[in-house]
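1. here is the input, now give the coordinates:
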Amino acid sequence: MDSSKPAKTVKDVVGAAAEKVADALTPDVPGAPGSAPPTVEEPTTPHGPLPAKQEQGAPQTRTPTGAVTGAPATANGQQGAYLTTSQGARLRDTDHSLKAGPRGPLLMQDHHFREKITHFDHERIPERVVHARGAGAHGVFTGYGTAEAVTRAGFLKKGKETEVFVRFSTVLGSRGSADTVRDTRGFATKFYTDEGTFDLVANNMPVFFIQDAIKFPDIIHAAKPHPDREIPQAQSAHDTFWDFVSLHTEAQHHTMWNMSDRGIPRSYRTMEGFGVHTFRLVDAAGATVLAKFHWKPKLGVHSLTWEEAQLLGGVDPDFHRRDLYDAIEAGAYPEWELGIQVFPDTPEETFAGIDLLDPTKIVPEELAPVQAVGRLTLNRTPRNFFAETEQVAFHLGHLPPGIDVTNDPLLQGRLFSYVDTQLTRLGGPNFSQIPINRPHADVNDMLRDGFHQQAVHAGVAPYRPNSLDGGNPFPAGDAEGAFVDVPVTVAQATKVRANPVSFDDHFSQVRLFWLSMSPVEKEHIVRAYTFELGKCYHQAIKERQLQCLANIDPVLCQQVATGLGLPAPEPTVPLADVAPSPALSQVGREWPSDGRMVGIVVDPDSDLDGVDQVRRAVFAAGMVPLLIAPHGGTVGGTPVQRTFATARSVEFDALLLAGAPAPAPDAIPARDAKAGAAASATVDPRVLLMVQECWRHAKAIGAWGAGADVLGQAGVTGTPGVVAGDSAAEVLTEVQRLMATHRVWQRFPASIA
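-> Alright, predicted model coming up:
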């Protein structure tokens, strides 16, 4: 990924747009729920199912044993024009139960009612214990060939394209929780390689709370809602979480990542991914190296502000899911580069003094650069959320030849846990035969029967050796690309329940992370700790966590202690002498603005020619313009996407003002509480609220013509990142330049160095 590649300049785009015919159409704003517009009246002419939307995809139509059927993707969808039972019998009525007379009791013989209600009663399968709230998308991975020196994995060969399905998720909340909570995010990728499925089950943070999988129930029980009241939902700002992490100090590193801006990503598209564990790579000659996997987003790593996250939890709890699907529909396909950090495979399994088997530690990129090995592009949304996103099943043991596991004790435990989980969630051992999980490679196993067996196995000898089936299936060797369990020597040792001594350092890397942050990011970390600990009931837990912070950094501890009204304790261990890692900071670079949302405030008296020019330019630059007007419908013939009543600043990455709209008829507090923000203003108070929120959230704001008057009434004129100009094109050029850094942090000088 080339983050230095300049975005299209708006002046060039505007010039190109001017050469188009005057009535040329711009792309549609994403979000239409169906593939065809509905009619006002109920349709009555029978016809087949409507086609899928252009951006939607579906699992390949393969047999349970991996063979390509050649059938179109629609073969797995509904067929025909008429309503039927699950057995294909056409129905004349599905609105009335079969009764003994119009007012009589229901009859037990009503097979259609029983089928319909029984299936409804069982529509929900058990949700995931963790990562329940998720969103998925289809895509393609293209290998660069740069990994061939260290692994024989075929999907990484130069130019090799592999279909993928990716599921993003939060960890703590239920399926119905909000997207924008402070939490770790999952980034699980299923590679349908022709050598077998590879599941890279990653997080958006490179470390985890625990070093051994036996502690996983403990951290999840501590972080989940309290068992007596089932609150709070999808957040860590409560006593049990902080009780655990302040006592189990190996959790402090992951906790610091959670308290940083990484805990509230701007979108899945601007989220980094990490394989967390160290894996072993095997080349064609059998030589091995150790490696860590990284996903680097094309758009850079960006986050929400804390206020934005809180607002979105009410205004749009599906914000991340909507952003992902709208971007794909708009053609702003999310992209990441897959990279690897490579280390010598030594008996000590360490690098630069860092234990590579400790999942609470990172290797700074300055010590081991991330080498790009391929590109992931997500270009299709699910056709059916349940069939694909809910039923997709990942497992760290799904490995292709050329990639193997290590003795990381957290990884070793996950190798058992993931299969065990699928047995309950997906009803038995045949979950790999669900269409989204089917491999894109030949399957000839000796596994038989069980719940939901969909393969129709031939032969009579599912065992080896056999002669009745002619010896089939036969073992494969190196020449046939068989998977290799690397013959690592296991040292003679006593059976113990213990960790190596190198796992005992719980603070040095947390301090490294803190010292690597920019001043504004440090301010956000202080605020997060202060807020979360402030929600705890017990004073002892707050004091215990402050002691952990004192062992990380005295400035951090003092700032949080001040916010809690408690004294800052002295460190109980020597402060680690570590060098900062600039790669850990999200601030200080520039990134493309592809797929960003630009709000444009208009009214009938606005500069509508300038609005049309800007709207076309925004589309052409790969972004999405959303017109915000006093009412729905159109303004000057251009469709309106948001009204002052329905819009909120958190939807937009930047805000443009083409006019100074007077208060609309519905700008009264009795009808819209947002209208009470500045009831005496000459500009609609909801517009002023949007401007002030965007300003507080460090977003770029631009205005031309009468729009500049709004900046004055909002009190933001002349502040950093606020642009006023004479022409729409000039204003948009400067706003897009500001958007490259995601936020205008200069607006709020930090008090921490």
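2. residue 405 versus residue 235, what's the distance?
-> From residue 235 across to residue 405, the span is 33 Å (Cβ to Cβ, to the nearest Å). Backbone N, C-alpha and C define where each C-beta goes, glycine included.
3. no, scratch that, I was asking about residue 155
-> Distance of residue 155 to residue 405, given as Cβ to Cβ: 18 Å.
4. and these two? Which one has more around it.
-> In this comparison of residue 155 against residue 405, neighbours counted by other Cβ atoms under 10 Å, the higher total goes to residue 155 at 25 against 19.
5. which residue is nearest the centroid of the chain?
-> When Cα atoms, centre = their mean is applied to the chain, the residue found nearest the centroid is residue 268 (3.4 Å).
6. for that residue, give me its contacts.
-> 135, 168, 185, 187, 320, 323-324, 334 (Cβ atoms under 8 Å, 6 or more residues apart in numbering).
7. got any ranges where the chain has weak pLDDT?
-> Applying pLDDT under 70 to the chain flags residues 1-26, 677-680.
8. 50 instead?
-> For the chain, the stretches with pLDDT under 50 are 1-25.
9. which residue lies farthest from the center of it?
-> Distance from the C-alpha centroid of the chain, by Cα atoms, centre = their mean, peaks at residue 101 (53.6 Å).
10. all strands of the stretch 151-300 of the chain, in order?
-> Taking DSSP state E, counting those that start in this stretch as the criterion, the stretch 151-300 of the chain carries its strands at 161-170, 185-193, 196-203, 273-274, 279-282, 288-297.
11. the contacts of residue 268 into CSV, with extra columns for distance to residue 220 and neighbour count?
-> Listed next are the contacts of residue 268 as CSV, based on distance: Cβ to Cβ, whole Å; neighbours: other Cβ atoms under 10 Å:
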residue, distance to residue 220, neighbour count
135, 21, 22
168, 19, 29
185, 16, 25
187, 18, 22
320, 21, 27
323, 27, 24
324, 25, 23
334, 28, 26
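12. what's the most distant pair in those residues?
-> Maximum pairwise distance among the contacts of residue 268 (Cβ to Cβ): 15.1 Å, between 187 and 323.
13. burial of residue 56, as a residue count?
-> Counted with other Cβ under 10 Å, residues neighbouring residue 56 total 18.
14. partner residues bridging it?
-> residue 381 (DSSP bridges).
15. give me the distance between it and residue 35.
-> Distance, residue 56 to residue 35, by Cβ to Cβ: 8 Å.
16. who wins for proximity to residue 127 among the strands of the stretch 151-300 of the chain?
-> strand 161-170 (11.0 Å).
17. helices and strands around that closest one, which ones?
-> Helices and strands touching strand 161-170, as assessed by 3 or more Cβ pairs under 8 Å, 6 or more residues apart in numbering; DSSP states H and E, comprise strand 134-143, strand 185-193, strand 371-382.
18. strand partners (parallel or antiparallel) of that strand?
-> Here, using DSSP bridges, strand 161-170 pairs with strand 134-143 (antiparallel), strand 185-193 (antiparallel).
19. show me the contacts for residue 371.
-> By Cβ under 8 Å, 6+ apart, the neighbours of residue 371 are 146-147, 339-342.
20. how about JSON lines for those, with neighbour count, secondary structure and distance to residue 582 added?
-> Formatted as JSON lines, the contacts of residue 371 follow (neighbours: other Cβ atoms under 10 Å; DSSP: H, G, I helix; E, B strand; the rest coil; distance: Cβ to Cβ, whole Å):
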{"residue": "146", "neighbour count": "15", "secondary structure": "coil", "distance to residue 582": "24"}
{"residue": "147", "neighbour count": "26", "secondary structure": "coil", "distance to residue 582": "25"}
{"residue": "339", "neighbour count": "21", "secondary structure": "strand", "distance to residue 582": "17"}
{"residue": "340", "neighbour count": "26", "secondary structure": "strand", "distance to residue 582": "20"}
{"residue": "341", "neighbour count": "23", "secondary structure": "strand", "distance to residue 582": "16"}
{"residue": "342", "neighbour count": "20", "secondary structure": "strand", "distance to residue 582": "21"}
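21. between these, which is closest to residue 608?
-> For the contacts of residue 371, the nearest to residue 608 is residue 339 (46.5 Å; Cβ to Cβ).
22. who does the closest one bridge with?
-> On the basis of DSSP bridges, residue 339 is bridged to residue 294, residue 372.
23. so which bits of stretch 450-468 are buried?
-> Within stretch 450-468, no residue counts as buried by 16 or more other Cβ atoms under 10 Å.
24. any idea how far apart the tips of it sit?
-> For stretch 450-468, the first-to-last residue distance is 23 Å (Cα to Cα, to the nearest Å).
25. which residues sit against it?
-> Taking Cβ under 8 Å, 6+ apart as the rule, stretch 450-468 contacts 63-65, 426-431, 433, 446-448, 469, 471-473, 475.
26. can you rerun that using 6 Å?
-> Identification of contacts with stretch 450-468 by Cβ atoms under 6 Å, 6 or more residues apart in numbering yields 64-65, 427-430, 433, 446, 448, 469.
27. OK, contacts around residue 546?
-> Contact partners of residue 546, counting by Cβ under 6 Å, 6+ apart, are 557, 561, 569.
28. isn't there a helix covering the second one?
-> Yes. With DSSP: H, G, I helix; E, B strand; the rest coil as the criterion, residue 561 is located in a helix.
29. correct me, but it touches residue 568?
-> Yes. At 4.0 Å, residue 561 counts as touching residue 568 under the criterion of Cβ atoms under 6 Å.
30. and these two? which has more neighbours close in?
-> Neighbours were counted for residue 561 and for residue 568 using other Cβ under 10 Å; residue 561 has more, 21 against 18.
31. show the contacting residues for the more buried one.
-> Residue 561 is in contact with 546, 568, counting by Cβ under 6 Å, 6+ apart.
32. hang on, the earlier thing: dump the helices and strands packed on strand 161-170 into TSV; add distance to residue 215 as well.
-> As requested, the helices and strands packed on strand 161-170 are exported to TSV (distance: least, Cβ to Cβ, whole Å):
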stretch	distance to residue 215
strand 134-143	24
strand 185-193	19
strand 371-382	31
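33. tell me which of those sits most buried.
-> For those, the largest average neighbour count (mean count of other Cβ atoms under 10 Å) is found in strand 185-193, namely a mean of 24.
34. how far off strand 196-203 does that one point, in degrees?
-> Per axes from the mean of the first three to the mean of the last three Cα atoms, to 10 degrees, the angle that strand 185-193 makes with strand 196-203 is 170 degrees.
35. okay, angle between strand 185-193 and strand 371-382 too, please.
-> Orientation check (the same axes, to 10 degrees): strand 185-193 against strand 371-382 gives 90 degrees.
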